[in-house]
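>>> Here is a sequence with its predicted model. Questions after.
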There are 10 protein chains.
Amino acid sequence: MSENTFKTDGTIDSFPNRFPDRDYLIQFSAPEFTSVCPMTGQPDFGAITVTYSPGDRCIELRSFKFYLQTFRDRGIFYEDVVNTILDDIVAAISPAFAEVQGEFNTRGGISATITASYPDQ
Amino acid sequence: MSENTFKTDGTIDSFPNRFPDRDYLIQFSAPEFTSVCPMTGQPDFGAITVTYSPGDRCIELRSFKFYLQTFRDRGIFYEDVVNTILDDIVAAISPAFAEVQGEFNTRGGISATITASYPDQ
Amino acid sequence: MSENTFKTDGTIDSFPNRFPDRDYLIQFSAPEFTSVCPMTGQPDFGAITVTYSPGDRCIELRSFKFYLQTFRDRGIFYEDVVNTILDDIVAAISPAFAEVQGEFNTRGGISATITASYPDQ
Amino acid sequence: MSENTFKTDGTIDSFPNRFPDRDYLIQFSAPEFTSVCPMTGQPDFGAITVTYSPGDRCIELRSFKFYLQTFRDRGIFYEDVVNTILDDIVAAISPAFAEVQGEFNTRGGISATITASYPDQ
Amino acid sequence: MSENTFKTDGTIDSFPNRFPDRDYLIQFSAPEFTSVCPMTGQPDFGAITVTYSPGDRCIELRSFKFYLQTFRDRGIFYEDVVNTILDDIVAAISPAFAEVQGEFNTRGGISATITASYPDQ
Amino acid sequence: MSENTFKTDGTIDSFPNRFPDRDYLIQFSAPEFTSVCPMTGQPDFGAITVTYSPGDRCIELRSFKFYLQTFRDRGIFYEDVVNTILDDIVAAISPAFAEVQGEFNTRGGISATITASYPDQ
Amino acid sequence: MSENTFKTDGTIDSFPNRFPDRDYLIQFSAPEFTSVCPMTGQPDFGAITVTYSPGDRCIELRSFKFYLQTFRDRGIFYEDVVNTILDDIVAAISPAFAEVQGEFNTRGGISATITASYPDQ
Amino acid sequence: MSENTFKTDGTIDSFPNRFPDRDYLIQFSAPEFTSVCPMTGQPDFGAITVTYSPGDRCIELRSFKFYLQTFRDRGIFYEDVVNTILDDIVAAISPAFAEVQGEFNTRGGISATITASYPDQ
Amino acid sequence: MSENTFKTDGTIDSFPNRFPDRDYLIQFSAPEFTSVCPMTGQPDFGAITVTYSPGDRCIELRSFKFYLQTFRDRGIFYEDVVNTILDDIVAAISPAFAEVQGEFNTRGGISATITASYPDQ
Amino acid sequence: MSENTFKTDGTIDSFPNRFPDRDYLIQFSAPEFTSVCPMTGQPDFGAITVTYSPGDRCIELRSFKFYLQTFRDRGIFYEDVVNTILDDIVAAISPAFAEVQGEFNTRGGISATITASYPDQ
């Protein structure tokens, strides 16, 4: 049963929302995100915050940890990190609402924060 | 009289709202919340914040402390902690408005915050 | 003249609002509030914040300090502290708007914040 | 030309707004404000924050520094400080919007914040 | 291809927005901004924050770093810094929304923050 | 037995040190201290921190709470508060070392911290 | 081999110090400590910090997590928590130096910090 | 008697040290210090911290407030502020030890802290 | 010449100390350190701080960035990370003094800090 | 006279120490330091803190501001910035003691702090 096991293959696992009649918010903060800059090959670091209102299913937290680790060796731009995570969450759990924010550490004296939400505000 | 005694059996006690004609807010912050993860049996830690606007009755604060302690040895998911506390408050005092927020400590590099309110926003 | 003298008997003194045609805000923060718990006889501590928009008269700040000191030896619940101060301010100066917030220190691992306003929001 | 010189006589100098078609905000924060309490003759200390949207003219920052210094030896109540600065700014530059906030240091265990805006909100 | 190379001549380079159907936000924070005061010739220091919602193109981050460096030896007023950066961003990428905020360090005991946005709020 | 009961009469109760052969440190921080200014009759507020190395006996924490409350209606100077608490602790438990620090809130724009220790450093 | 497995029975497991010729420091901070007050039966909360210089063996971190969990249902005074942990560490790994500090949350308006070290300072 | 009255003429008043046999520390922090720059005539702002160990007499706190106000209209360099206060304290109470620290606000992007003690360290 | 080029192969490059007669300190802080837990295969995150007093040669900062990246895919215990970095620095530049501190993020509710120095203190 | 004028040519001006018999400390903090990286030509940013005990002469603060600005267009390594400033201070005022600390902003995820003092510690 998905509540007592969870996927470790990098896909986002889910479990049934036990309070489907209530419009509530769940937020995960993952300050240990890392990926690779596709232009320089250097590691990028940042924090990913996901906020969503569940529909029929909720994100399984530990499978989500493994999902975020799939970015560790992946060359990807900041904008794509945030939009890809949002697309994957929408595909996995069809939430009523979801927002993904990536706060990326300073490079060349400039830091960047990208925020995308579903459905469009 | 409920104002000078209070329940210690883990149920939420209440006392009459002495200002029923005013729509005011009461907030309790309990940073010493702990329960047990139903999957691993390991303790979980977090902070519970309750914000409500009283109807005819108010939550008795010390009975609420004992109520929160009933979660100490209970295996329960984060989402269920927050929604269960909200359901129990609504049942105990029929508030005009109530919100429960649980901020749970980092596990596997990810922290979680769940927020539910009554009636639905 | 009330601007150069002020009451020290524990009543809220006032002076004429010199800008009655402007809808502006005045906020007092008093972090040294203390009263007595009516159930245990133990001292309670907290901070009182008053925000108001004056009508014809403003609160005289030093008389308000003496007013707050009348709670020092008084057995009173948190909810009553906040609602009583709000009632006394409304009676003293008939403000266009007033809000009183009491933030009370941790007892039994739980802190409490009560917020009431006039007229009802 | 007023852009390369500025008044030091305590009046608020101004220069032409070079972006009159854009509705933008300018904020000055002056944490070194001091005046004199008209009742006790003791010095008062606080911070003045001015936020405005310019019309045809902008406040010249250094003349504004000298303007704030005119309060140094002046006996004046908190409410009058904030409302007087607002009146003087409106008279000097006819802004589209202006707000003045004075945050005054603790006296007798109570601090005060006064906020006034033009036109009335 | 503009994603793997970028301009270093002080113009704002751009790359195609890969998520043109989503209305998302990108924010850059550059705390190492410096220019020259046109009246005194002394260096000014501050932080520039750009927030925008991309249209067809996004700002290339490293070209933007070089763009900000063009202000290093330039005599320019605070208001002009912010409005000029906003104009240059609008010209370079025609964003759906853009806001530029400049927070400039204390001079003569007063700090200044200028905020402009496109289109006008 | 003194470990399961404690005095509430305002004297400092103690219990046997179960680790008399180890030179360890115990620190209590009491941020809710209040007394009365002997010159003005106005309440004073502050925080008392006690650090000691026990000899044969340790301070019973709840009796110490009641002990500190005996200062609530007492007219006493800052210097006397700190030195009196130190004297009373030394008399009650004969510690190997003890330090008392009182940090008193701002009055007239000046805060005060008094620190005394036994034996003299 | 103890490096790839660890005890979960509440005893402190260890592994060989691979740098026995260097006098270095290891510090663990465990902010989620909880035990039970032996007088009231109420839960206590605090943070335990262990600092030690290893001899031939180091503390296995996950076994130490299970060790700290053995205090969860145990009625024990603050002083005993800290001295017991220190004794158990010394018995388990014979360190060159060890210090245990327990910072316990506010009860009755007073917080407590206990610090013990081996060998005696 | 000097304990119930105090000088307001700008001299440092004192009262007898009631614990002359104990070597304890008294610290005053005055964050509202202001004087005048002797070169520009512009106001300077800063914080003065006095730490001393009393001999036969202690500094009377309210007379010290009036003493610090004598600098309000005085043209004086930072170094002279700190050394003059130290000299005046030594002359007034012959302390066993005294240190004066002045932390002066940013001017031209540089802040300054001056620290002098008696007797020389 | 090593001052204008630097190694990117993961070895620590160095350049001549231009002030060999002065005993000064250099500190690098690298908050984006990541390695892999050898027991679970999960990523670890932390901050590495290096403090050293140079002998004849200094660490080249960008080669050190590439050196730290060699730990990204390496299974290694916390204690070994810190002691290995210290050994590699000593081998590369023979410093007069060097200290390496690793502060590793919370795992299972416990964070760890390891500090080693050369020569032994 | 050097107290009422000061050099703006980038040399460190000084004035006579009026308290030559007292061994006191003067600290300047300059958080707006900028120079140029000699390898990349990119601007570097940081904060310079100077702490010294004067001999016969003190550093004139405004000439020191102009002195620090001479680094603005200068290609120079971090280590050289700090040691050069220390050498120039020693040459200008022959202090009893001087320390210079440069804290340089993050580059490539690593920040650097260099500290040098005279005479050698």
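Sure, I can see it. Residues are numbered from 1 along each chain as shown, chains lettered A, B, ... in the order given.
>>> ok, for residue A:31, nearest residue in space, not its chain neighbours?
residue A:47 (4.2 Å; CB to CB, 6 or more residues apart in numbering or on different chains). (C-beta placed from N, C-alpha, C; glycine too.)
>>> Could you do residue A:72 as well?
residue A:34 (5.7 Å).
>>> so that neighbour, which of the three states?
Put simply, residue A:34 is strand when judged by DSSP: H, G, I helix; E, B strand; the rest coil.
>>> Repeat that for residue A:23.
Following three-state DSSP, residue A:23 is assigned to coil.
>>> Now do the nearest residue to it once chain neighbours are set aside against chain J, distance only.
Of all residues not flanking residue A:23 in the chain, residue B:120 sits nearest, at 4.8 Å (CB to CB, 6+ apart). Using CB to the nearest CB, to the nearest Å, we find residue B:120 at a distance of 44 Å from chain J.
>>> Let me know the pLDDT of the residue nearest to residue A:96 when sequence neighbours are not counted.
Distances taken as CB to CB, 6+ apart place residue A:53 nearest to residue A:96, at 4.3 Å, with adjacent residues excluded. At residue A:53 the predicted local distance difference test score is 97.
>>> show me what contacts residue A:53?
A:23, A:24, A:25, A:26, A:95, A:96, A:97, A:98 (CB atoms under 8 Å, 6 or more residues apart in numbering or on different chains).
>>> one step back: of all the residues in the strand or helix carrying the residue nearest to residue A:31, which ones are buried?
Using DSSP states H and E, residue A:47 falls within strand A:43-53. Judged by neighbour count using 16 or more other CB atoms under 10 Å in any protein chain shown, the buried positions of strand A:43-53 are A:43, A:44, A:45, A:46, A:48, A:49, A:50, A:51, A:52, A:53.
>>> from those, which single one is nearest chain F?
Closest approach to chain F among the buried residues of strand A:43-53 (CB to the nearest CB): residue A:49, at 33.3 Å.
>>> ok, back up a step: does the residue nearest to residue A:31 touch residue A:68 like I think?
No: under the criterion of CB atoms under 8 Å, residue A:47 makes no contact with residue A:68, lying 10.7 Å away.
>>> which residue is nearest the middle of chain A?
Of all residues in chain A, the one closest to the mean position by CA atoms, centre = their mean is residue A:85, 4.5 Å from it.
>>> Now the residue in chain A that chain G sits nearest to. Its backbone dihedrals?
Chain G sits closest to residue A:31 of chain A, with a gap of 16.2 Å, by CB to the nearest CB. Here is the backbone geometry of residue A:31 (degrees, to the nearest 10): phi -80, psi 0.
>>> Look at it and report its pLDDT.
Looking at residue A:31, its pLDDT reads 97.
>>> re earlier: hang on, the residue nearest to residue A:23 packs against residue A:22?
Yes: applying CB under 8 Å, one finds residue B:120 in contact with residue A:22, separated by 6.1 Å.
>>> Which of the two has more residues huddled nearby?
More crowded of residue B:120 and residue A:22, by other CB atoms under 10 Å in any protein chain shown: residue A:22, with 19 against 9.
>>> Could you check how far the more buried one is from residue I:119?
63 Å (CB to CB, to the nearest Å).
>>> Restricting to C-alpha, output the longest helix seen in chain A in PDB.
Identified as the longest helix of chain A according to DSSP state H is helix A:78-93. Extracted as PDB, the C-alpha positions of helix A:78-93 are listed here (Å, rounded to 0.1, in the frame of the first residue of the first chain):
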ATOM      1  CA  TYR A  78      16.900  27.700 -13.300                       C
ATOM      2  CA  GLU A  79      13.700  28.500 -15.300                       C
ATOM      3  CA  ASP A  80      13.500  24.900 -16.400                       C
ATOM      4  CA  VAL A  81      14.000  23.400 -12.900                       C
ATOM      5  CA  VAL A  82      11.000  25.300 -11.600                       C
ATOM      6  CA  ASN A  83       8.700  24.800 -14.500                       C
ATOM      7  CA  THR A  84       9.600  21.100 -14.800                       C
ATOM      8  CA  ILE A  85       8.900  20.400 -11.200                       C
ATOM      9  CA  LEU A  86       5.500  22.100 -11.500                       C
ATOM     10  CA  ASP A  87       4.700  20.100 -14.600                       C
ATOM     11  CA  ASP A  88       5.700  16.800 -12.900                       C
ATOM     12  CA  ILE A  89       3.600  17.600  -9.800                       C
ATOM     13  CA  VAL A  90       0.500  18.500 -11.900                       C
ATOM     14  CA  ALA A  91       0.900  15.300 -13.900                       C
ATOM     15  CA  ALA A  92       1.400  13.200 -10.700                       C
ATOM     16  CA  ILE A  93      -1.500  14.400  -8.500                       C
END
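>>> Among the contacts of residue A:53, which one sits closest to residue B:63?
residue A:24 (25.0 Å; CB to CB).
>>> dump the residue contacts of the closest one.
Applying CB under 8 Å, 6+ apart, the residues contacting residue A:24 are A:53, A:54, B:82, B:83, B:114, B:115, B:116, B:117.
>>> Nearest spatial neighbour of the fourth one, chain-adjacent residues omitted?
It refers to residue B:83. Once flanking residues are discounted, residue B:83 sits nearest to residue A:19: 4.7 Å by CB to CB, 6+ apart.
>>> Check what pLDDT that neighbour gets.
For residue A:19, the predicted pLDDT is 96.
>>> so how far is chain D from residue A:88?
Residue A:88 is 38 Å from chain D, by CB to the nearest CB.
>>> so what pLDDT did that residue get?
98.
>>> what's near enough to touch it?
A:12, A:67.
>>> ok, which residues in chain A are in contact with chain E?
Counting by CB under 8 Å from any CB of the partner chain, the residues of chain A close to chain E are A:38-39, A:77, A:79-80, A:82-83, A:107-117, A:120-121.
>>> Mark which of those residues are buried, thanks.
A:77, A:79-80, A:82-83, A:107-117.
>>> for those, which one is nearest residue G:6?
For these, the nearest to residue G:6 is residue A:82 (37.8 Å; CB to CB).
>>> one step back: within its sheet, name the partner strands of the strand holding residue A:47 and how each one runs.
strand A:25-36 (antiparallel), strand A:97-107 (antiparallel) (DSSP bridges).
>>> Let me know which of the ones you listed is the nearest to residue A:72.
strand A:25-36 (5.7 Å).
>>> Identify the residues contacting the spatially closest residue to residue A:94 that is not a sequence neighbour.
What sits nearest to residue A:94 in space, not counting adjacent residues and going by CB to CB, 6+ apart, is residue A:55, at 5.0 Å. Listed by CB under 8 Å, 6+ apart, the contact set of residue A:55 reads A:17, A:20, A:93, A:94, A:95, A:96.
>>> ok so, going back, hey, what's the residue nearest to residue A:96 bridged with?
residue A:97.
>>> Residue in chain A with the shortest distance to chain E?
Closest point on chain A to chain E, by CB to the nearest CB, is residue A:116, at 3.7 Å.
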